[in-house]
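Visitor: Provide a 3D model corresponding to the input given below.
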Amino acid sequence: MNVLIIDDDFGIRETLGTALETMGHKVETAGSRGAAEKKLRQESFEVAFLDIRLGAENGLDILPDLLRLSPRLAVIVITAYSSIETAVLAIQRGAFDYLAKPFKPAQIAQMLERVAKTRQLETRISDLEGQLSRPGADTELVATSDPKIQRLMEVAKKSASSDATILMLGESGTGKSALARQIHRWSPRAKEPFVTVSCPSLSRDLLESELFGHMKGAFTGAVATTWGKVATADRGTLFLDEIGELPLEIQPKLLRLLQEREYERVGESKIRMANVRVIAATNRNLKEAVTRGAFREDLLYRLDVISFHLPPLRERPSDILSMAENQLQQLARQSGRSVKVFSKAAREALERYSWPGNLRELRNVIERATILTPEEEIDVTDLPSSLSEAREESPSVGGTYSIEEIEAEHIRQVLARSKSLQQAATILQLDPTTLLRKRKSLNL
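Guide: Numbering: from 1, shown residues only. Predicted coordinates for the structure are as follows:
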């Protein structure tokens, strides 16, 4: 961890610093309040050892100010004048814990281990909250009768034990992020963070900062120093979703991370080491992107150490009903509904449909039906009209369909594949308001 020692005694700073560095931690020191605040503005620290008697000042008086500069800082108060009253006051003002002088290296190691475990729990809780709040979360992986998927899962389980980079290919909604999480759970890094970065979600500058962190003042709006997702994922797994959208300017930096395991924060020249396992996913053809000059060939080779192609749901017809039933059980429990089964007509409609949105669309359809049906059985009338009216073929120019039907089917498929209304509107070259109106009129 990155540790700051705040003590006006040079001997204490040197002795404690040496002990911490021997344990493998990075250490900075400050002999006064001003020096400590300057360090906290310049760099992010996970732990600070703060002496109560800091020259003419009381360390407990400056403790709240230090936490305002670095809210996640775990401050361990140290003093030779220990008392229960002082310990209680330190905790009340935000200290992580209290350490009385003289202390032994074993006590320091035990204290830092507690800090590390607490941070792991906070990261895990944040990760779980993110999964619960994420709309349209990928369908959980379930038992499959498809031999191709069974072989894929066997290889995935074997690859989990290594630190090799993994590249996942497949259409949107095929379960790439769900498989990435499962590989993380199977791996020796399972107790460490699983951190996701969505490559298309931010501008180039913000995405670089999101990945690698930045120093305060590195760019307009950088009001505080941040660690970045690479540091957050330390000892865990970094999942790069939609890697095909990664801007060319950032690709050399990712290549360096994969090759050398090192990176620099934006606005900083200090080289930092990364201990992360990288899993990337995309629905793009990266080889074609290399040909077009939109993706670096050397980066593709570094990402494609182990690759998995997740087939679309239309190529897994034998799995559709088992997945639908699995989702029905989960969603019924979550919503407190008594829905238990699908009718024969509903089952036939589920099997007949082409599922352009794959597992994500399947989950959304089942969730909608679970909420809307008043019965214990989901019938075909509880499903969206696109399913209840589905035939062996979707509307196409070669069939006996009207222009309105072809347009409706095209809009439905684009909406199913898109992550947002704005993205769908961009693909269809429509104003978002117009698309929203069309969706309502077509009952999509």
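Visitor: Nearest spatial neighbour of Ile371, chain-adjacent residues omitted?
Guide: Nearest residue to Ile371, sequence neighbours excluded (C-beta to C-beta, 6 or more residues apart in numbering): Ser335, at 6.3 Å. All C-beta atoms are positioned from the backbone trio N, CA, C, and that covers glycine.
Visitor: for the stretch 251-400 of the chain, which spans come out with low pLDDT?
Guide: Low-confidence segments of the stretch 251-400 of the chain (pLDDT under 70): 388-400.
Visitor: For stretch 279-288, list the C-alpha coordinates in CSV.
Guide: What follows is stretch 279-288, C-alpha atoms only, in CSV (Å, rounded to 0.1, in the frame of the first residue of the first chain):
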residue,chain,number,x,y,z
ILE,A,279,-10.1,-9.8,-19.6
ALA,A,280,-11.4,-8.0,-22.7
ALA,A,281,-14.6,-8.3,-24.6
THR,A,282,-15.9,-7.0,-27.9
ASN,A,283,-18.7,-7.5,-30.4
ARG,A,284,-16.5,-6.0,-33.2
ASN,A,285,-14.3,-7.8,-35.7
LEU,A,286,-10.9,-6.8,-34.4
LYS,A,287,-9.0,-8.2,-37.4
GLU,A,288,-11.1,-6.1,-39.7
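Visitor: That one: which residues count as buried?
Guide: 279-283, 286 (16 or more other C-beta atoms under 10 Å).
Visitor: how much distance is there from stretch 174-194 to the middle of the chain?
Guide: Once both centres are worked out by C-alpha atoms, centre = their mean, to the nearest Å, stretch 174-194 turns out to sit 11 Å from its chain's centre.
Visitor: what is the rounded mean pLDDT of it?
Guide: Mean pLDDT, stretch 174-194: 91.
Visitor: Which positions in that stretch come out as buried?
Guide: 174-184, 187, 189, 192-194.
Visitor: got it, and stretch 304-316?
Guide: 306, 308, 310-313, 316.
Visitor: Now do the contacts for Arg41.
Guide: Counting by C-beta atoms under 8 Å, 6 or more residues apart in numbering, Arg41 touches 69, 216, 225.
Visitor: Run a quick neighbour tally on the residue nearest to Glu264 when sequence neighbours are not counted.
Guide: Of all residues not flanking Glu264 in the chain, Ile271 sits nearest, at 6.0 Å (C-beta to C-beta, 6+ apart). By other C-beta atoms under 10 Å, the residues close to Ile271 number 10.
Visitor: Would you confirm that Ile271 contacts Arg261?
Guide: No: applying C-beta atoms under 8 Å as the test, Ile271 and Arg261 come out as separate, 10.5 Å apart.
Visitor: rewinding a little: from Leu362, how far off is the residue nearest to Ile371?
Guide: 17 Å (C-beta to C-beta, to the nearest Å).
Visitor: In contact with the residue nearest to Glu264: list those residues for me.
Guide: For Ile271, counting by C-beta under 8 Å, 6+ apart, the contacting residues are 262-264.
Visitor: got TSV for these, with secondary structure, distance to Gln251 and neighbour count too?
Guide: Below are the contacts of Ile271 laid out as TSV (DSSP: H, G, I helix; E, B strand; the rest coil; distance: C-beta to C-beta, whole Å; neighbours: other C-beta atoms under 10 Å):
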residue	secondary structure	distance to Gln251	neighbour count
Glu262	strand	16	11
Tyr263	strand	13	20
Glu264	coil	15	15
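Visitor: List the contacts of the host helix or strand of Arg13.
Guide: Here Arg13, judged by DSSP states H and E, is contained in helix 10-22. For helix 10-22, the surrounding residues in contact (C-beta under 8 Å, 6+ apart) are 3, 5, 7, 27, 29, 31, 49, 51, 105, 108.
Visitor: Which strands or helices does the helix or strand following it pack on?
Guide: Next helix or strand after helix 10-22 toward the C-terminus (DSSP H and E): strand 26-30. When contacts are defined as 3 or more C-beta pairs under 8 Å, 6 or more residues apart in numbering; DSSP states H and E, strand 26-30 packs onto strand 2-6, helix 10-22, helix 33-42.
Visitor: got the angle for strand 26-30 vs strand 2-6?
Guide: Note on geometry: by axes from the mean of the first three to the mean of the last three C-alpha atoms, to 10 degrees, strand 26-30 and strand 2-6 are set 20 degrees apart in direction.
Visitor: pLDDT of strand 26-30, averaged?
Guide: For strand 26-30, the mean confidence score works out to 90.
Visitor: Report the backbone C-alpha coordinates of it in PDB.
Guide: What follows is strand 26-30, C-alpha atoms only, in PDB (Å, rounded to 0.1, in the frame of the first residue of the first chain):
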ATOM      1  CA  LYS A  26       5.600   2.400  -0.500                       C
ATOM      2  CA  VAL A  27       6.400   5.200   2.000                       C
ATOM      3  CA  GLU A  28       6.300   9.000   2.000                       C
ATOM      4  CA  THR A  29       7.000  11.100   5.100                       C
ATOM      5  CA  ALA A  30       5.900  14.500   6.400                       C
END
